[in-house]
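**Q** Provided below for reference: sequence and predicted model.
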Amino acid sequence: GAGVSQSPSNKVTEKGKDVELRCDPISGHTALYWYRQRLGQGLEFLIYFQGNSAPDKSGLPSDRFSAERTGESVSTLTIQRTQQEDSAVYLCASSPGRTSVPDTQYFGPGTRLTVL
Amino acid sequence: AQRVTQPEKLLSVFKGAPVELKCNYSYSGSPELFWYVQYSRQRLQLLLRHISRESIKGFTADLNKGETSFHLKKPFAQEEDSAMYYCALQTGANNLFFGTGTRLTVIP
């Protein structure tokens, strides 16, 4: 079946503009994650959605970052008033959402964001 | 706080040689550890996880709680093993904490 998809694949924007990144998880996966990967660095956790529970936003770096998820489907990550340090690859992952055993996450191809 | 350390950014080995990618973690709870791999122009994907005690593509990883390590090993490296490897620690909240990754190059 289809994997996790993300759009756009590349986004170039000017400093100060808002951007919206989209993630379509694997159908049936209740858990959805956003990560950021800056050049030469590891993946940085941003936010986690699990079903209808309140999302874990502990990884969001500032209040310019927000994310929404409609039910158990699409999620959007919004970055307001972008800064050059926001330039990174933003990865989305989804998982079945099992809590009794470690859950395998399936990653999308990522969105490469460049802030000029 | 949780932390995953991969001390080598780059690792090169010759084809047929043994390879070991190092990973150390810091976590006060019971760790769930994974290795993820990203081949050239492909998305990040799960390679193996410690709870399964499996061998995938000839790779194995043993959790050593005394040394807080989860090193990835393969006795005979192949060219197709060239990729970026990430060690990851999963906490009870299903969050994955990743290391900075090691780029493995297998020289023909």
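**A** Thanks, I have it.

**Q** show me what the least confident helix or strand in chain A by mean pLDDT is in contact with.
**A** The helix or strand of chain A with the poorest confidence is strand A:43-50; it has a mean of 90 (mean pLDDT, DSSP states H and E). If you take Cβ atoms under 8 Å, 6 or more residues apart in numbering or on different chains as the criterion, strand A:43-50 is touched by A:30-38, A:55-61, A:65, A:67, A:69, A:75, A:77, A:90-91, A:97, B:44, B:86, B:93-98. C-beta coordinates here come from the backbone N, C-alpha and C atoms, glycine included.

**Q** weed out the non-buried ones from these.
**A** Buried by 16 or more other Cβ atoms under 10 Å in any protein chain shown: A:30-37, A:55-56, A:59-60, A:65, A:67, A:69, A:75, A:77, A:90-91, A:97, B:44, B:86, B:94-98, out of those.

**Q** quick one: which of the contacts of strand A:43-50 sit in strands?
**A** Mapping those onto strands (DSSP state E) picks out A:31-37, A:65, A:67, A:69, A:75, A:77, A:90-91, B:86, B:96-98.

**Q** which non-adjacent residue is nearest the spatially most central residue of chain A?
**A** Of all residues in chain A, the one closest to the mean position by Cα atoms, centre = their mean is residue A:34, 2.8 Å from it. Spatial nearest neighbour of residue A:34, excluding adjacent residues (Cβ to Cβ, 6 or more residues apart in numbering or on different chains): residue A:46 at 4.2 Å.

**Q** interface residues of chain B facing chain A?
**A** Contact residues (Cβ under 8 Å from any Cβ of the partner chain) of chain B with chain A: B:4, B:6, B:32, B:34, B:36, B:43-46, B:49, B:51, B:86, B:90, B:93-101.

**Q** for the nearest residue to residue B:39 once chain neighbours are set aside, list each beta-bridge partner.
**A** Leaving aside its sequence neighbours, residue B:39 sits nearest to residue B:83 (Cβ to Cβ, 6+ apart; 4.6 Å). Beta-bridge pairing of residue B:83 under DSSP bridges involves residue B:104.

**Q** how deep is residue B:83 tucked in, by neighbour count?
**A** If you count neighbours by other Cβ atoms under 10 Å in any protein chain shown, residue B:83 ends up with 19.

**Q** equivalent analysis for residue B:88, please.
**A** For residue B:88, using other Cβ under 10 Å, the count is 24.

**Q** sec struct for it, please.
**A** The three-state assignment at residue B:88 reads strand, by DSSP: H, G, I helix; E, B strand; the rest coil.

**Q** pretty sure it sits against residue B:33.
**A** Yes - assessed by Cβ atoms under 8 Å, residue B:88 is found in contact with residue B:33 at 7.0 Å.

**Q** show me what residue A:6 is bridged to.
**A** The partner residues for residue A:6, given DSSP bridges, come to residue A:23.

**Q** contact residues of chain A facing chain B?
**A** Within chain A, the positions near chain B by Cβ under 8 Å from any Cβ are A:3-4, A:31, A:33, A:35, A:40-45, A:48, A:50, A:56, A:59, A:91, A:93, A:95, A:97, A:99, A:101-110.

**Q** if you set the cut-off to 6 Å instead, what comes out?
**A** With Cβ under 6 Å from any Cβ of the partner chain as the criterion, chain A meets chain B at residues A:41-43, A:45, A:48, A:102-104, A:107, A:109.
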